[in-house]
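In: The amino acid sequence is not available; the structure is as follows:
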C-alpha cells in the first residue's frame, strides 16, 4: 500500500483523507469495451483514458480514481466483443461514483472519457450535472480526450479520420504497442449522422473509420503530447486550485 501513489486503488483511507484536504484534482477515467477493428484491442478506450489520466495527474499533482470500464457504444454493438450499456445505466452508475467522491470531500472532479460517442458523453454530462447540483461545493468537468485528438484532423490525418483510424491507431501504438495487431485496415464509413440508429453493414463494414496504413508510434507520441497540453490548459482554466 502506498501513501504517495496517484491511484486511489493504492492509497489507504487516512492517506486519502490527508491528501483530499489539499483539494487535489481527482480524475475519473471512463472507458468502453468496444470493437476497434482487427488491429486494436476491445479496451482501447480504457487503455488511452487510464494512461492519459495518470500522465495528467503527474502534471497537475492530481489523483486518479479507478476506471469505469464500460460505456454506451450502440454504434459498434453488432461487432463481436462490444458491451454497450444504455445511457440511463451509464448515467446512474457514474452519478453514483461521482456523488460518493464528492461526499468523501473531493471538490475538483474531471471525468475523462476515452470513448466519445454522443450518447455516451451525454450520459456522462448528465451525471456530472447531477453531482454538481447535489454537491454545490464540488466542481465537475466532463470531456473526452478525443475532443482534443480530433482537433488534429486535417493536420496530422485526413479530415475524415475517426474511430480506430490513423490517429487512434498511432496513439495506441505509443501507449500500448503490445496490444496492437499487424493489420492496418482501410475503411470508409458511408453512414449519415442525420439518420438515427447504428450504421448498416454496407455503410460500415468494420469498426474502423479511416486509413490506418501510415500509423506510427511517432505520430502517436505527438498526438498524446498535444492532448496532455490541451488537458492541462483546460484544468487550469476550468478547475483551478
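Out: Noted; the coordinates are in hand. Predicted model, so just to flag it, every value in this text is computed and none were measured.

In: quick one: low-confidence ranges for this protein?
Out: Confidence mapping of the chain against pLDDT under 70 gives the ranges 1, 3.

In: which residues does the residue nearest in space to the middle of it contact?
Out: With the centre of the chain defined as its mean C-alpha position, the nearest residue by Cα atoms, centre = their mean is residue 114, 1.7 Å away. Contacts were defined as Cβ atoms under 8 Å, 6 or more residues apart in numbering; by that measure residue 114 touches 29-32, 44-50, 52, 144-146. (C-beta placed from N, C-alpha, C; glycine too.)

In: between those, which is nearest residue 136?
Out: residue 30 (23.5 Å; Cβ to Cβ).

In: Quick check: chain neighbours aside, which residue is closest to the closest one?
Out: Leaving aside its chain neighbours, residue 30 sits nearest to residue 113 (4.2 Å; criterion: Cβ to Cβ, 6 or more residues apart in numbering).

In: Make sure the one you found is actually in contact with residue 125.
Out: No: no contact is recorded between residue 113 and residue 125 when judged using Cβ atoms under 8 Å, the distance being 10.1 Å.

In: Could you check which of those two is surrounded by more residues?
Out: Here residue 113 and residue 125 are compared on neighbour count by other Cβ atoms under 10 Å; more neighbours surround residue 113, at 27 against 17.

In: is the more buried one in a bridge, and if so with what?
Out: In this structure, residue 113 has the following beta-bridge partners (DSSP bridges): residue 30, residue 144.

In: measure it to residue 66 for me?
Out: If you measure residue 113 against residue 66 using Cβ to Cβ, to the nearest Å, the figure is 14 Å.

In: count of neighbours near residue 187?
Out: 19.

In: how about it, what does it touch?
Out: So residue 187 contacts 37, 204-206, 208-210 (Cβ under 8 Å, 6+ apart).

In: Next: residue 129.
Out: Residues counted as contacts of residue 129 (Cβ under 8 Å, 6+ apart) are residue 140.

In: quick one: buried residues of the longest helix seen in the chain?
Out: Secondary structure of the chain per DSSP state H: the longest helix is helix 217-238. Within helix 217-238, the residues scored as buried using 16 or more other Cβ atoms under 10 Å are 219-220, 222-224, 226-228, 230-231, 234-235.

In: cool, stretch 189-203 as well?
Out: Residues 189, 198-199 are the ones in stretch 189-203 that count as buried (16+ other Cβ under 10 Å).

In: Can you add secondary structure and distance to residue 183 and give those back as a markdown table?
Out: Conversion of the buried residues of stretch 189-203 to a markdown table gives the following (DSSP: H, G, I helix; E, B strand; the rest coil; distance: Cβ to Cβ, whole Å):
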| residue | secondary structure | distance to residue 183 |
| --- | --- | --- |
| 189 | coil | 18 |
| 198 | coil | 23 |
| 199 | coil | 21 |
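
In: between the residues you listed, which is closest to residue 169?
Out: For residue 169, the nearest member of the buried residues of stretch 189-203 is residue 189. The distance, counting by Cβ to Cβ, is 15.4 Å.
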